[in-house]
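Peer 1: Let's see this in three dimensions:
(2 chains)
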Amino acid sequence: MSTEEKSLNFIEQIIEEDIKNGLSKNKLRFRFPPEPNGYLHIGHASAICLNFGLGIDYNAPVNLRFDDTNPSKEEQEYVDAIKRDVQWLGFQWEKECYASDYFQQLYDWAVELIKKGKAYVDNQSSEEMAKQKGTPTQPGIDSPNRNRSIEENLELFTRMKNGEFPNGSYVLRAKIDMASPNMLMRDPIMYRIMHEHHHRTGNNWCIYPMYDWAHGESDYLEQISHSLCTLEFLPHRELYDWFLNQIYKTDLVRPKQREFARRNLSHTVVSKRKLLQLVEEKHVTGWDDPRMSTISGLRRRGYTPASIRNFAKTIGIAKRTNLIDVSLLEFCIREDLNKTAPRVMAVLDPVKLVITNYPEGQEEWLDAENNPEEETLTYRKVPFSKELFIEREDFKEEADKKFFRLTLGTEVRLKNAYIIKGESVVKDSNGNITEIHCTYDVDSKSGSGTEASKRKVKGTIHWVSTQHALEAEVRIYDRLFTHEMPDGNKEIDFKEYINPNSLKVITGYVEPSLTTAKNLDHFQFQRLGYFCVDKDSSVEKLVFNKTVGLRDTWAKISEQ
RNA sequence: UGGUCUAUGGUGUAAUGGUAACACUACGGUUUUUGGUGCCGUCUUUCUAGGUUCGAGUCCUAGUAGACCAACCA
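Peer 2: As a prediction, the model looks like this:
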């Protein structure tokens, strides 16, 4: 751990307490246990960063464990995607594990439980069992099969395993307490019959363990010291401990489940079921569509691993219900990109600017700083000529005191180039401006050191040379979802939530220096925001995804 | 109507019985070859009522509010 003073979150305090009470530091071990039934999303970032962060801080191993106990929802594609995303976030796991690795051991332990009279086979319908289970306010009643003989249970369980019964006909239940105030303790199901192909064990099994009869046991087998999960699993803890009691042998580390609050992000849906629906109904192009809240979507949108890690660190770990404002996530990516992204010039809504006193046919290659925020300045060359594109918003015919950019009769600097003065406009028959004519001050070249170059002018605008600029496709994404509190259970009518303008594709012009830009390279288009290169195979030309805007100021101004 | 968890500014998180703080947001100033960045500042905080204590955001009791629990999901 770092020597500088750092306040511990409550999970770290629990660990410190355990160490104080005699848990050896080299027995610490953590795990990140996703179910491979979808892609990782921003909501997983907290759990990933917490577990892997603890591993780094305590120099302890962290396993990546796939909780693959339900073959009807799980796929190899998701396993691969999860591994890719965890690595991309910058973390390394000690071992790659699967709950399915433990199916035989779990089965053997289940047989032991039956022999001890702690589990029984039930052949009622799920409706009947649900009825007997009672409600949170009313105790349940015992199943008529609860006192089936051990021999019969053993025989039925073997036949379940051997595939003699159809789906849903039999289950194995733990014999605990049908009157417990905790619903999960009312004889929970340990195994169900599923004649289903499993992405790893194939058709070896037709009975599959439930989450509760797999998770703690997997933790135990891997000797996980602290099993951290979200708060909705808190009622499971009693069962987690009950199952562990049945199999626990002294001398080994006994895993401890502790819970923290899941993070909710405003304006964002992170329910895997809904993300899957968006993909399947083709509201988006895939799990990595830049509008998705998935890790891979954020990556393609231009978010960096560091920004997501820093976001997770900033929101912290606690137990209360929360709704984090997306502006914090946006701050994190701006903060990171500001340090690293080269500044380049791009014009997304072009209008032609003609410098009337610039020699016809002349061109100059001017020096431009890449990122003034970086410690060592680097430069590139940008071409300048008589005809340029500038942003339509950067010119107004009539001067307004608060308008800092080009108007008729006033001077502005062309970034990295010369000071110009607006002279006249050319309009089409509808009164739309088609060209702006200006004159330039020959002695005012940026960095030339002349008196003229040091003159203060009202503003600075960006530009590209019409004959040199590259045409680029620029994709601007808006927030897909507009509601405040994501409700995990409510059905969603996506028509209500998907912003029809969530993707705007426009043609812009960028500096020729961007020809060599690689996939996912990010840039700050000056005054326009941060963008990243997306080498989508289906599109030939240069494509940029908008990552995030600069502060809202410019958006506000351009609205007026 | 049962059980469990939680409650600190608009948002998130600290303060571990001893001066309520940090970040985001919003707003303002300043610097600036982009109104961005940087720097400086302002606004706003301990759910309520009792109790313990020299002293309570912190401990106790009650209330209130929110969350979770009745899948052969995880």
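
Peer 1: Pull the residues that contact stretch A:309-327.
Peer 2: With CB atoms under 8 Å, 6 or more residues apart in numbering as the test, stretch A:309-327 has contacts from A:9-11, A:45-46, A:48-50, A:53, A:89-90, A:231, A:259-261, A:263-268, A:328-329, A:332, A:335-336, A:479, A:484-485. Any C-beta I mention is one placed from the backbone N, CA and C, and that applies to glycine too.

Peer 1: just checking, which of those belong to strands?
Peer 2: With DSSP state E as the criterion, strands contain A:259, A:260 from among the contacts of stretch A:309-327.

Peer 1: Near RNA strand B, list only the ones from the contacts of stretch A:309-327.
Peer 2: A:9, A:10, A:231, A:261, A:328, A:335 (CB under 7 Å from any atom of the strand).

Peer 1: Give me the subset of those lying in helices.
Peer 2: Mapping these onto helices (DSSP state H) picks out A:10, A:328, A:335.

Peer 1: ok, now which ones touch the last one?
Peer 2: The contact partners of residue A:335, taken as CB under 8 Å, 6+ apart, are A:307, A:310.

Peer 1: separation between it and residue A:320?
Peer 2: Separation of residue A:335 from residue A:320 (CB to CB, to the nearest Å): 26 Å.

Peer 1: Flag every residue of the stretch 201-350 of chain A that's near RNA strand B.
Peer 2: Counting by CB under 7 Å from any atom of the strand, the stretch 201-350 of chain A sits next to RNA strand B at A:208, A:210-211, A:215, A:231-236, A:261, A:314-325, A:327-328, A:331, A:334-335, A:338, A:343, A:345.

Peer 1: Could you do the stretch 1-150 of chain A as well?
Peer 2: Counting by CB under 7 Å from any atom of the strand, the stretch 1-150 of chain A comes close to RNA strand B at A:7-10, A:13, A:35, A:67, A:69-70, A:73, A:124-126, A:129-130, A:133, A:135-137.

Peer 1: Which among those residues count as buried?
Peer 2: Neighbour-count burial (16 or more other CB atoms under 10 Å) is assigned, among those, to A:35, A:67, A:69, A:70, A:73, A:124, A:129, A:133.

Peer 1: Give me the pLDDT value at the closest residue to the last one other than its chain neighbours.
Peer 2: Okay, so that is residue A:133. Nearest non-adjacent residue to residue A:133, counting by CB to CB, 6 or more residues apart in numbering: residue A:140, 4.6 Å away. Looking at residue A:140, its pLDDT is 96.

Peer 1: same thing with residue A:481?
Peer 2: Residue A:481 carries a pLDDT value of 65.

Peer 1: Tell me how far residue A:195 lies from residue A:162.
Peer 2: 12 Å.

Peer 1: These two: who's more crowded?
Peer 2: Per other CB atoms under 10 Å, whichever of residue A:195 and residue A:162 has more neighbours is residue A:195, with 13 against 10.

Peer 1: what sits against the closest residue in space to that one that isn't next to it in sequence?
Peer 2: Using CB to CB, 6+ apart and skipping residues adjacent in sequence, the residue nearest residue A:195 is residue A:206, 5.0 Å away. Residue A:206 makes contacts with A:160, A:161, A:163, A:193, A:194, A:195, A:196, as judged by CB under 8 Å, 6+ apart.

Peer 1: Nearest residue to the last one in space, please, no chain neighbours.
Peer 2: So the one you mean is residue A:196. Using CB to CB, 6+ apart and skipping residues adjacent in sequence, the residue nearest residue A:196 is residue A:71, 4.5 Å away.

Peer 1: give me every residue that touches the one you found.
Peer 2: A:194, A:196, A:197, A:198, A:199, A:208.

Peer 1: Among those residues, which are located in strands?
Peer 2: Judged by DSSP E, strands contain the following of those: residue A:208.

Peer 1: Determine which two of the contacts of residue A:71 are furthest apart.
Peer 2: Of all pairs drawn from the contacts of residue A:71, the one with the longest distance (CB to CB) is A:194 and A:199, at 13.2 Å.

Peer 1: pLDDT score for the spatially closest residue to residue A:508 that is not a sequence neighbour?
Peer 2: Excluding the flanking residues, the one nearest residue A:508 by CB to CB, 6+ apart is residue A:348, at 4.0 Å. We note a pLDDT of 97 for residue A:348 in this prediction.

Peer 1: Check the burial of residue A:348 by counting its neighbours.
Peer 2: The burial count for residue A:348: 22, using other CB under 10 Å.

Peer 1: which residues in the stretch 301-450 of chain A form strands?
Peer 2: Using DSSP state E, counting those that start in this stretch, the strands of the stretch 301-450 of chain A run over A:343-344, A:346-347, A:350-355, A:363-369, A:379-385, A:387-391, A:395-396, A:406-407, A:411-414, A:419-427, A:433-440.

Peer 1: Using CSV, please lay out the ones you listed together with mean neighbour count and distance to residue A:290.
Peer 2: Below are the strands of the stretch 301-450 of chain A laid out as CSV (neighbours: other CB atoms under 10 Å; distance: least, CB to CB, whole Å):
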stretch, mean neighbour count, distance to residue A:290
strand A:343-344, 21, 20
strand A:346-347, 26, 18
strand A:350-355, 19, 24
strand A:363-369, 15, 28
strand A:379-385, 18, 27
strand A:387-391, 23, 23
strand A:395-396, 18, 31
strand A:406-407, 22, 33
strand A:411-414, 22, 32
strand A:419-427, 17, 36
strand A:433-440, 18, 33
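
Peer 1: wait, which of those strands is closest to residue A:23?
Peer 2: strand A:343-344 (50.9 Å).

Peer 1: Other residues contacting that closest one?
Peer 2: The contact list for strand A:343-344, computed with CB under 8 Å, 6+ apart, reads A:368-372, A:510-511, A:513-514, A:523-526.

Peer 1: Parallel or antiparallel, list what pairs with that strand.
Peer 2: Strand A:343-344 sits in its sheet next to strand A:522-525 (parallel), going by DSSP bridges.

Peer 1: got a list of contacts for the partner strand?
Peer 2: Outside strand A:522-525, the residues that touch it by CB under 8 Å, 6+ apart are A:302, A:304, A:337-338, A:340-346, A:348, A:371, A:462, A:510, A:514, A:517, A:530-533, A:544, A:547, A:550.

Peer 1: what do you get if the cut-off is 6 Å, keeping everything else the same?
Peer 2: With contacts defined as CB atoms under 6 Å, 6 or more residues apart in numbering, strand A:522-525 is touched by A:302, A:337, A:341, A:342, A:343, A:344, A:346, A:530, A:531, A:532.

Peer 1: Could you do stretch A:399-410 as well?
Peer 2: A:394, A:395, A:396, A:397, A:412, A:422, A:458, A:459, A:461.

Peer 1: Likewise for stretch A:80-97?
Peer 2: Stretch A:80-97 has contacts (CB under 6 Å, 6+ apart) with A:34, A:39, A:40, A:52, A:61, A:62, A:63, A:64, A:65, A:295, A:296, A:305.

Peer 1: Tell me the buried residues in that stretch?
Peer 2: If you call a residue buried by 16+ other CB under 10 Å, then stretch A:80-97 has these buried ones: A:81, A:82, A:83, A:85, A:86, A:89, A:91, A:93, A:97.

Peer 1: still on that earlier bit, from the contacts of residue A:206, which are also near RNA strand B?
Peer 2: Among the contacts of residue A:206, the residues within reach of RNA strand B (CB under 7 Å from any atom of the strand) are A:193, A:194.

Peer 1: Just the buried ones out of the contacts of residue A:206, please.
Peer 2: Buried among those (16+ other CB under 10 Å): A:160, A:161, A:193, A:194.

Peer 1: okay if I get those residues as TSV plus pLDDT?
Peer 2: TSV is the format used below for the buried ones among the contacts of residue A:206 (pLDDT from 0 to 100):
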residue	pLDDT
A:160	98
A:161	98
A:193	98
A:194	98
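
Peer 1: pLDDT added to the ones next to RNA strand B among the contacts of stretch A:309-327, as TSV?
Peer 2: What follows is these, written out as TSV (pLDDT from 0 to 100):
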residue	pLDDT
A:9	95
A:10	96
A:231	97
A:261	97
A:328	97
A:335	97
